[in-house]
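**Q** heads up, no residue letters with this:
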DNA sequence: ACCCAGGGTCATA
DNA sequence: TATGACCATGGG
């Protein structure tokens, strides 16, 4: 029986061969990436793109501007992303954190553990959002676990529903190479796989990694 | 008409 | 700790 480690690495290789490099996260600045991480909470990325475009057109894609806008104005701009009232507040909270902590977060000497705990203290930033920001905005090796990741591992019998976020995160971090590139690509590839509809319906035996099988 | 999407918080038991 | 309600849009 192959080890979990070799299995996770094989999955990575197969995903990469199937979909190619994703070069995540889409976004030109750290703040744009962080904003996207909040806006995409339980939301289709297409809707997030519309909201981000609105922010860009209004020159509002900056933490300072996020704070200078009223919550209702901000909510109007991000309206297409859904949950706009709560997300407007969450973006404010994150922007407040950002102005104080983002420089520290950029410096490689600040401990990841502290940074993560710090981000998690922001209301509206949960584990996945925090890890997405750490990994893709600040280039920290903090593996991101999302609903697709759970489904993926469950479908291959590596975990069950009882596994916590932290446990799944650790499973990856203990078993894949200590490579920022691989952390970024692995999560991106899992999401792309999750979003990919089956090309071979209804037969479905050509699915990448048997994703769409039962 | 229904279901889901790159979650998170809060109230309740 | 564990469930459930709630947040809300747009595409399938």
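**A** Yep, it's here. Computed from a predicted model, the values in this text were never measured in an experiment.
**Q** going by C-alpha atoms from here, please, whenever you check contacts or count neighbours.
**A** Fine.
**Q** okay, domains of chain A per the record?
**A** Split into domains by automatic domain parsing, chain A comes to A:4-20+A:146-195, A:30-137.
**Q** make CSV from the ones you listed and add mean pLDDT and distance to residue A:211 to it.
**A** CSV is the format used below for the domains of chain A (pLDDT from 0 to 100; distance: least, CA to CA, whole Å):
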stretch, mean pLDDT, distance to residue A:211
domain A:4-20+A:146-195, 96, 7
domain A:30-137, 98, 20
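**Q** who's in contact with residue A:169?
**A** Residues in contact with residue A:169 (CA atoms under 8 Å, 6 or more residues apart in numbering) are A:143-145.
**Q** now the domains of chain A in CSV, with distance to DNA strand B?
**A** Converted to CSV, the domains of chain A look like this (distance: least, CA to the nearest atom of the strand, whole Å):
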stretch, distance to DNA strand B
domain A:4-20+A:146-195, 5
domain A:30-137, 3
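**Q** point out the most buried one among these.
**A** Greatest average neighbour count among the domains of chain A goes to domain A:30-137 (a mean of 18), per mean count of other CA atoms under 10 Å.
**Q** span of it from start to end?
**A** 5 Å (CA to CA, to the nearest Å).
**Q** likewise stretch A:18-31?
**A** End-to-end distance (CA to CA), stretch A:18-31: 31 Å.
**Q** equivalent analysis for stretch A:154-167, please.
**A** 13 Å.
**Q** phi, psi for the residue most central in space within chain A please.
**A** Taking CA atoms, centre = their mean, the centroid of chain A lies closest to residue A:132, which sits 4.0 Å from it. Backbone geometry at residue A:132, expressed as degrees, to the nearest 10, gives phi -60, psi -40.
**Q** I'd say it and residue A:35 touch.
**A** No. Between residue A:132 and residue A:35 there is no contact under CA atoms under 8 Å: 10.6 Å.
**Q** what residues does the closest residue to the residue nearest to the centre of chain A other than its chain neighbours make contact with?
**A** Spatial nearest neighbour of residue A:132, chain neighbours left out: residue A:144 (5.9 Å); criterion: CA to CA, 6 or more residues apart in numbering. Residue A:144 makes contact with A:128, A:131-132, A:135, A:169, A:187 under the criterion CA under 8 Å, 6+ apart.
**Q** nearest to residue A:107 among these?
**A** Sorting the contacts of residue A:144 by distance to residue A:107 puts residue A:135 at the head of the list, at 13.6 Å, by CA to CA.
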